[in-house]
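A.B. asks: Generate a structure from the sequence data that follows.
(one chain, ligands or ions: 2)
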Amino acid sequence: MRVCVIGTGYVGLVTGVCLSHIGHDVICVDNNEEKVKLMQSGQSPIYEPGLSELMKSSAESGKLTFTADLAKGVSHGEILYIAVGTPPLPTGESDTRYVEAVARGIGTHLKDEYKVIVNKSTVPIGSGDWVRMIVLDGNKESGSTVEPIFDVVSNPEFLREGSAVYDTFNPDRIVLGGNSEKAISMMQELYKPLVTREFAEDKSAPPVPVVVTDLSSAEMIKYAANSFLATKISFINEVANICDRVGADVTQVAEGIGLDSRIGGKFLSAGIGWGGSCFPKDVSALVHTADDYGYDTELLKAAINVNQRQRLLALEKLQNELKILKGKTIGLLGLTFKPDTDDMRDAPALDLIEQLNRLGARVKAYDPIVSQSGLSHGLSNVIIETNAEMLADGCDAVVLVTDWKEFAKLDFPKMAKLMNNPLVIDGRNFLDREKVEAAGLRYIGMGR
Ligand SMILES: NC(=O)c1ccc[n+]([C@@H]2O[C@H](COP(=O)([O-])OP(=O)(O)OC[C@H]3O[C@@H](n4cnc5c(N)ncnc54)[C@H](O)[C@@H]3O)[C@@H](O)[C@H]2O)c1
Ligand SMILES: O=c1ccn([C@@H]2O[C@H](COP(=O)(O)OP(=O)(O)O[C@H]3O[C@H](CO)[C@@H](O)[C@H](O)[C@H]3O)[C@@H](O)[C@H]2O)c(=O)[nH]1
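C.D. replies: Ligands and ions are numbered 1, 2, ... in the order given. Just a heads-up that it's a prediction; the model follows:
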């Protein structure tokens, strides 16, 4: 099928590349011309395992092209994806101005060919009908005399950064919200190779469940899923804080409760809290939507508050151990909000850096991607080191912020020798405590 994906961030690019890989003819549109040039030259603007290789093979097969020309994309696609960002406003609500611009732009270029417009961006509940209205406005404003024929489908995205390609080929479910049978059946046709697991790791697995709903329910599924997962992490972090006080080990507790199939073992890793481009903004946006409709979300607000406190717990632990932080040097292992991504959006490391600086500490950091790529990501007041040993040199404590796999294999005896004071705060309960202690370092975890 002919597809146009508008917006080439994580979601748009991965969607476009994967749809072309399963045989569709895809044009990706972005209004950032620099980015388009980069992608046209075969380079991925984001770090995502496996993406560059797929991008290359799809481009070679002629099934994937990039353009900054929206009109070209709209005329090409039978299915038009809106996959632009919906960042948070200071109030917590979702900033939908990019979706609005794209919807209006689509309206301007619509002719008399039937199109399915897919909301892939995470958009506030009710956006399906709103997008329809904006597309029609755009069409009218363009002076078009033809009545455009299109339907809007909500198709929320559940991929995780760092495993985005894997998640796309191995989804737990596909959600399609809409009120047009024709549009839903076109989407089902589009996703058939994914549903039948043709491109999955386990090709014999049962077909992917396709959940067909009305527009609002599909939009709500996205917010509810992220809010549930974020709340689950806040829950285990709260348990971890009690464990710290009573002398229990939260990693053992998580295993013990996670084996109950009603609870499940995933998303029970206690640590310095959830961050990234999605959980914080989506939970806040749902709180805001509920507010708009006169409902006070006590549970979600508590999940956010627990997370805010959790993000600074490493600071509290540092103060307990080192007392005064002024004049001390603190090393951060990892900067990104999770491993296998170069994304720093709403990363807990940013809060730590800000607070450590405020308290007069010198902050150094080593991150396998941020350090190697030389990208400072707009970071100030932090010295970026290029390996863990240089990081350890002269530190009064090292805090593990991101659970990058390579941190499990660090040369702790060497690091201990280079440090001013041999202290490790394991903000992700990721390190082997015995190994760290055998190297002569004091180990402090989160709730263990
Ligand atoms: N990042 C994730 O892991 C993830 C996962 C699931 C859902 N989502 C949702 O998907 C949406 C996209 O997220 P993202 O992280 O990929 O976004 P992003 O901010 O990384 O990228 C958005 C892209 O859209 C482009 N853009 C903006 N306005 C445009 C316009 N008018 N025309 C063409 N291109 C335009 C930007 O140049 C940018 O390349 C968001 O709503 C987000 O909540 C994100
Ligand atoms: O047990 C856990 C699991 C995760 N995290 C943290 O939670 C955050 C989010 O992690 P993850 O969900 O793996 O990353 P994202 O790439 O942000 O993916 C989430 O957000 C996306 C955007 O909406 C959704 O599509 C995904 O389904 C959803 O998992 C990160 O800071 C993690 O360190 C924990 O602290 N403990």
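A.B. asks: Please report how far E34 lies from T341.
C.D. replies: E34 is 21 Å from T341, where distance means CB to CB, to the nearest Å. Just so you know, the C-beta spots here come from the backbone N, C-alpha and C atoms, and that holds for glycine as well.
A.B. asks: Return the distance of the helix or strand bottoming out on mean pLDDT in the chain from the chain's centre.
C.D. replies: Ranking every helix and strand in the chain by mean pLDDT, DSSP states H and E puts helix 368-373 at the bottom, with a mean of 83. In terms of CA atoms, centre = their mean, to the nearest Å, the centre of helix 368-373 is found 18 Å from the chain centre.
A.B. asks: higher neighbour count, E34 and T341?
C.D. replies: T341 (24 against 10; other CB atoms under 10 Å).
A.B. asks: Now do the least confident helix or strand of the chain: everything it contacts.
C.D. replies: Residues outside helix 368-373 that contact it (CB atoms under 8 Å, 6 or more residues apart in numbering): 47, 334-336, 341-342, 344, 365, 376-377, 379, 384-387, 404, 406.
A.B. asks: Partner strands of the helix or strand following that helix and their direction?
C.D. replies: Toward the C-terminus, helix 368-373 is succeeded by strand 383-384 as the next helix or strand (DSSP states H and E). Strand pairing for strand 383-384, using DSSP bridges, gives strand 362-366 (parallel).
A.B. asks: what's around the residue of the chain found nearest ligand 1, how many residues?
C.D. replies: The nearest approach of the chain to ligand 1 comes at G9, 2.0 Å away (CB to the nearest ligand atom). Using other CB under 10 Å, G9 has 18 neighbouring residues.
A.B. asks: Below-threshold pLDDT in the chain: ranges please.
C.D. replies: Counting by pLDDT under 70, the chain contains low-confidence ranges at 373-377.
A.B. asks: got the residues of it near ligand 2?
C.D. replies: 122, 157-161, 226, 229, 233, 267-269, 271, 274-276, 278-279, 282, 337-338 (CB under 6 Å from any ligand atom).
A.B. asks: Just the buried ones among these, please.
C.D. replies: Neighbour-count burial (16 or more other CB atoms under 10 Å) applied to the residues of the chain next to ligand 2 gives 122, 157-159, 161, 226, 229, 233, 267-269, 271, 274-276, 278-279, 282, 337-338.
A.B. asks: picking up where we left off before, now, the residues of the chain next to ligand 2 that are in helices?
C.D. replies: 226, 229, 233, 279, 282 (DSSP state H).
A.B. asks: Widest-spaced pair of those residues?
C.D. replies: Greatest spatial distance among those (CB to CB): I233 and D282, at 13.3 Å.
A.B. asks: domains for the chain, by residue range?
C.D. replies: If you go by automatic domain parsing, the domain ranges for the chain are 2-213, 222-309, 311-444.
A.B. asks: Would you convert the ones in helices among the residues of the chain next to ligand 2 into JSON lines that also reports distance to ligand 1?
C.D. replies: Formatted as JSON lines, those follow (distance: CB to the nearest ligand atom, whole Å):
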{"residue": "N226", "distance to ligand 1": "8"}
{"residue": "L229", "distance to ligand 1": "12"}
{"residue": "I233", "distance to ligand 1": "16"}
{"residue": "F279", "distance to ligand 1": "10"}
{"residue": "D282", "distance to ligand 1": "7"}
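A.B. asks: residues in the stretch 301-448 of the chain within reach of ligand 1, list them.
C.D. replies: Residues of the stretch 301-448 of the chain lying near ligand 1 (CB under 6 Å from any ligand atom): none found.
A.B. asks: all strands for the stretch 301-448 of the chain, in order.
C.D. replies: 329-333, 362-366, 383-384, 397-400, 423-426, 442-444 (DSSP state E, counting those that start in this stretch).
A.B. asks: Can you tell me what sits against stretch 411-420?
C.D. replies: In contact with stretch 411-420 (CB under 8 Å, 6+ apart) are residues 329, 388-389, 392-398, 422, 424, 435-436, 438-441.
A.B. asks: buried residues in it?
C.D. replies: Going by 16+ other CB under 10 Å, stretch 411-420 has these buried residues: 412, 415-416, 418-419.
A.B. asks: My read is that N381 contacts N357, right?
C.D. replies: Yes: judged on CB atoms under 8 Å, N381 makes contact with N357 at a distance of 4.6 Å.
A.B. asks: Quick check: neighbours shared by those two?
C.D. replies: V363.
A.B. asks: neighbour count winner among these two?
C.D. replies: When N381 and N357 are compared for neighbours, N357 comes out ahead with 15 against 12, by other CB under 10 Å.
A.B. asks: any idea how far A397 is from the more buried one?
C.D. replies: Counting by CB to CB - N357 and A397 are separated by 15 Å.
A.B. asks: Tell me which residue in the protein sits closest to ligand 2.
C.D. replies: Counting by CB to the nearest ligand atom, the chain gets nearest ligand 2 through C278, at 2.9 Å.
A.B. asks: Spit out the contact partners of the closest residue to that residue other than its chain neighbours.
C.D. replies: Setting aside the residues directly before and after it, C278 is nearest to N226 in space (CB to CB, 6 or more residues apart in numbering), at 5.9 Å. By CB under 8 Å, 6+ apart, the residues touching N226 are 122, 278-279, 282-283.
A.B. asks: Could you do L352 as well?
C.D. replies: 272, 311-312, 314-315, 332, 363, 399, 401.
A.B. asks: quick one: which helix or strand includes the residue lying closest to V212 once chain neighbours are set aside?
C.D. replies: Spatial nearest neighbour of V212, chain neighbours left out: L176 (5.2 Å); criterion: CB to CB, 6+ apart. Secondary structure assigned from DSSP H and E places L176 in strand 174-177.
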